[in-house]
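A.B. asks: Need a 3D model of the sequence below.
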Amino acid sequence: MSENPMSGGPGGMDEEALKRFLQEAFGGAIPEEALDGLDLSALAQQANLPQDPSQLRAAAAQMQHLFSAQGDGPVNWTLAEDVARRTAAGQAQMPGLPAPTGTPGDPTPTDAQVSELRQAAQVARLWLDPVLAIDVPSQELGVLGRGTWLYRTLPRWQSTVEPVAKYMAGAIGEAIAAQLGQMDENPLPMPGDPAAMMERFGGTMFGVQFGHAIGSLAREVAGTTDLSLPLGPDGAPALVAANVEDLISSHQLDAPAARIFLAAREIAHAALFAAHPWLGRALFSAIEDYARGITLDLDALDEMVRDLDLSDPKALQARRPEEMFVFTRRASQERALEELATTLALVEAWVDHVTTKALEGKLPQLEAMREVLRRRRATGSPAEQMLAGTVGIELRPRRVREALAWWESVLATEGVTGREAKWDHPDLLPSAEVLSGRPQAPRPEAAEDEALSDVEIPADFDAELEKLLSGEGQQSAPREDGQGGLREEDELDGTDDGTDDDGTDPDPGNRPA
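C.D. replies: You can find the predicted model right below:
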């Protein structure tokens, strides 16, 4: 028996085992003939593949599971849903992240919890109605478990995340293709379509990371609008019973007051999004605008590829997209991100503003409960930080404070009706510069507008137009100098003899005999 069954093979690994690994790992996506002529031993050494055939088969099976059910979309949602469900139930944890806290598992809301939260919602509606100029939703408050919250919000998460993941996956594929096209000296041959494979790889990573983030939120949020986005399917207010009780116990809050407070916030959010349907559409559109045109940092990608270990699928699955794929933002993306952050801050501040007006003097610990939410917003959970970095969903504490002060000033000057009217059109809402009090930078396209702003418009425009059409004042109108320019009038004595400065008549044919 030969001591080295495959020339150059690592530790006696045979070539057929390597071929089977590659074909099985990528679900048969690599044609067999594409592997002919490749130096599989060099590929195995660079990828740190295991030498034992049984370990190689196990690694292939795990890799195939990771890449399975990818579908045509940029996110492996089959994997994402599985990770999200297990995370929501406290059964999955990403390496390097804190262990899940709060009530273990995913307890079903008890009859007592349902009754207490719905009674709190009834009180919240009664107190909100006098301070709002829009309708308060009359739908019964939904009382959910974590898994139910996940099930109800997942379709919205998919439509929110897909645009971002699509542009990210496309950037990965294009960067890989461009990078391989520039390798003109001793390129490493790759089987199949490397760009397509990396897009699929990115979709798997996004599925794991987004799934964990959404599952983590299911253990943290009080309702469906905590991020100031309408995540529910029908706009109906809903609270997660276990998370509400966890918030109350962890901060030693007055339980009945906290239930009313959280129900009032959820109902106020629902009222705003129901009264102004354009608002939710604008928020999700801003997320897509932020993602459009995203580009990949090739230097960071090079480092990721060098450190990649295909022999350890568990470690591969644990890698975060924001660590593996670093994306750069263009000026247009930064503007979209600023607009998104500003609108989210205006929504959050409006809800804080109206609920405070409704509950002031009625609930104990109102300021303490507001402070709890402010601190949670300032620190942000790992899931919220991930969404802020990849999708752009971020409630910035300073921006929220500025927006709250703005809403207070609007109420003082324009009243409740004027305050609510600000939501009638996006142009009525303030920009980030207005909220902060900083001077607004002039728009490049506004240069012409600024020049025209210096033109004085006559008070009686119609009368002036009539004079022009009737020929009145034509003797003082500018005339050509015969060379395409305007001649200078004889302004010293206020007369005009009809001649140019050199004494010639520029238009003798029009002179009376």
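
A.B. asks: drop to CA atoms for contacts and neighbour counts, all remaining ones
C.D. replies: Fine.

A.B. asks: for the protein, what helix or strand is lowest in average pLDDT?
C.D. replies: Ranked by mean pLDDT, DSSP states H and E, the helix or strand of the chain with the weakest confidence is helix 447-452, at a mean of 42.

A.B. asks: Residue 256 and residue 222: what is the separation?
C.D. replies: Counting by CA to CA, to the nearest Å, the gap from residue 256 to residue 222 is 15 Å.

A.B. asks: what do you get for residue 90?
C.D. replies: 17 Å.

A.B. asks: Which one's more surrounded, those two?
C.D. replies: residue 222 (25 against 20; other CA atoms under 10 Å).

A.B. asks: who are the neighbours in contact with the more buried one?
C.D. replies: 239, 240, 241, 243, 244, 262 (CA atoms under 8 Å, 6 or more residues apart in numbering).

A.B. asks: Closest to residue 130 out of these?
C.D. replies: residue 262 (18.2 Å; CA to CA).

A.B. asks: Please determine how far the closest one is located from residue 154.
C.D. replies: Distance of residue 262 to residue 154, given as CA to CA: 22 Å.

A.B. asks: Likewise for residue 110?
C.D. replies: Noted for residue 110: a distance of 24 Å to residue 154, by CA to CA.

A.B. asks: do the same with residue 115
C.D. replies: 26 Å.

A.B. asks: Between the two, tell me which one has more neighbours.
C.D. replies: A direct count of neighbours by other CA under 10 Å for residue 115 and residue 154 places residue 154 higher, at 21 against 13.

A.B. asks: what about residue 368, neighbour count?
C.D. replies: 12.

A.B. asks: Now it: which helix or strand?
C.D. replies: Using DSSP states H and E, residue 368 sits in helix 366-379.

A.B. asks: which of the residues in that helix are buried?
C.D. replies: 366, 369, 377 (16 or more other CA atoms under 10 Å).

A.B. asks: so who does the second one touch?
C.D. replies: Yep, that's residue 369 we're talking about. The neighbours of residue 369, taking CA under 8 Å, 6+ apart as the test, are 253, 258, 261.

A.B. asks: out of those, who's nearest residue 269?
C.D. replies: Closest to residue 269 out of the contacts of residue 369 is residue 261 (12.6 Å), distances taken as CA to CA.

A.B. asks: Now do the helix or strand harbouring the closest one, average pLDDT.
C.D. replies: Here residue 261, judged by DSSP H and E, is contained in helix 255-275. Across helix 255-275, pLDDT averages out at 97.

A.B. asks: Does anything pack onto it? Which helices or strands?
C.D. replies: Packed against helix 255-275 by the contact rule (3 or more CA pairs under 8 Å, 6 or more residues apart in numbering; DSSP states H and E) you find helix 111-128, strand 238-240, helix 241-250, helix 331-359, helix 366-379.

A.B. asks: Could you check it and say which residues are buried?
C.D. replies: Applying a neighbour-count criterion of 16+ other CA under 10 Å, one finds 257-275 buried in helix 255-275.

A.B. asks: tilt between the next helix or strand after that helix and helix 255-275?
C.D. replies: Following helix 255-275 in sequence order, the next helix or strand is helix 277-291 (DSSP H and E). Here helix 277-291 runs at an angle of 90 degrees relative to helix 255-275 (axes from the mean of the first three to the mean of the last three CA atoms, to 10 degrees).

A.B. asks: returning to what we had before: out of the contacts of residue 369, which is nearest to residue 430?
C.D. replies: Nearest to residue 430, judged by CA to CA, of those is residue 261 at 27.4 Å.

A.B. asks: Tell me how far the closest one lies from residue 124.
C.D. replies: 7 Å.

A.B. asks: what's the answer for residue 368, then?
C.D. replies: Taken as CA to CA, the span from residue 368 to residue 124 is 18 Å.

A.B. asks: cool, and residue 170?
C.D. replies: In terms of CA to CA, residue 170 sits 46 Å off from residue 124.

A.B. asks: Of those two, which one has the most company?
C.D. replies: The neighbour comparison of residue 170 against residue 124 (other CA under 10 Å) goes to residue 124, with 25 against 22.

A.B. asks: tell me the contacts of the closest residue to the more buried one other than its chain neighbours?
C.D. replies: Distance criterion CA to CA, 6 or more residues apart in numbering; nearest residue to residue 124, sequence neighbours excluded, is residue 264 at 4.9 Å. Shown in contact with residue 264 (CA under 8 Å, 6+ apart): 121, 124, 125, 128, 355.

A.B. asks: Please apply the same query to residue 246.
C.D. replies: Residue 246 touches 102, 103, counting by CA under 8 Å, 6+ apart.

A.B. asks: give me that answer again for 6 Å
C.D. replies: residue 102 (CA atoms under 6 Å, 6 or more residues apart in numbering).

A.B. asks: Show me what the longest helix seen in the chain is packed against.
C.D. replies: Ranked by residue count, the top helix of the chain under DSSP state H comes out as helix 146-181. When contacts are defined as 3 or more CA pairs under 6 Å, 6 or more residues apart in numbering; DSSP states H and E, helix 146-181 packs onto helix 194-218.

A.B. asks: So which elements touch the helix it packs on?
C.D. replies: By 3+ CA pairs under 6 Å, 6+ apart, helix 194-218 packs against helix 77-88, helix 146-181.

A.B. asks: between the helix holding residue 261 and helix 366-379, how many degrees?
C.D. replies: Using the same axes, to 10 degrees: helix 255-275 against helix 366-379 is 60 degrees.

A.B. asks: ok, and the closest non-adjacent residue to residue 238?
C.D. replies: residue 142 (4.1 Å).

A.B. asks: List the contacts of stretch 161-169.
C.D. replies: By CA under 6 Å, 6+ apart, the list of residues contacting stretch 161-169 reads 74, 199, 202, 288, 291.

A.B. asks: and the gap between the closest residue to the fourth one other than its chain neighbours and residue 108?
C.D. replies: Right, the one you point to is residue 288. Spatial nearest neighbour of residue 288, excluding adjacent residues (CA to CA, 6+ apart): residue 163 at 5.6 Å. Residue 163 sits 33 Å away from residue 108, going by CA to CA.

A.B. asks: More neighbours: which of these two?
C.D. replies: More neighbours surround residue 163 than the other of residue 163 and residue 108, with 22 against 16 (other CA under 10 Å).

A.B. asks: what pLDDT does the more buried one get?
C.D. replies: So, for residue 163, pLDDT stands at 80.

A.B. asks: and it, how far is that from residue 328?
C.D. replies: Residue 163 is 16 Å from residue 328, by CA to CA.

A.B. asks: Check residue 141 too.
C.D. replies: Counting by CA to CA, the gap from residue 141 to residue 328 is 42 Å.

A.B. asks: higher neighbour count, the two?
C.D. replies: residue 141 (21 against 11).

A.B. asks: wouldn't that one be in contact with residue 237 here?
C.D. replies: Yes - Residue 141 lies in contact with residue 237 (CA atoms under 6 Å); the separation is 5.5 Å.

A.B. asks: which non-adjacent residue is nearest residue 345?
C.D. replies: Going by CA to CA, 6+ apart, residue 345 has residue 400 as its nearest residue, at 4.6 Å.

A.B. asks: Which strand or helix spans that neighbour?
C.D. replies: helix 397-421.

A.B. asks: Now the helix or strand immediately after that helix in the chain: average pLDDT?
C.D. replies: Remark: after helix 397-421, the chain's next helix or strand is helix 432-436, criterion DSSP H and E. What helix 432-436 shows for mean pLDDT is 92.
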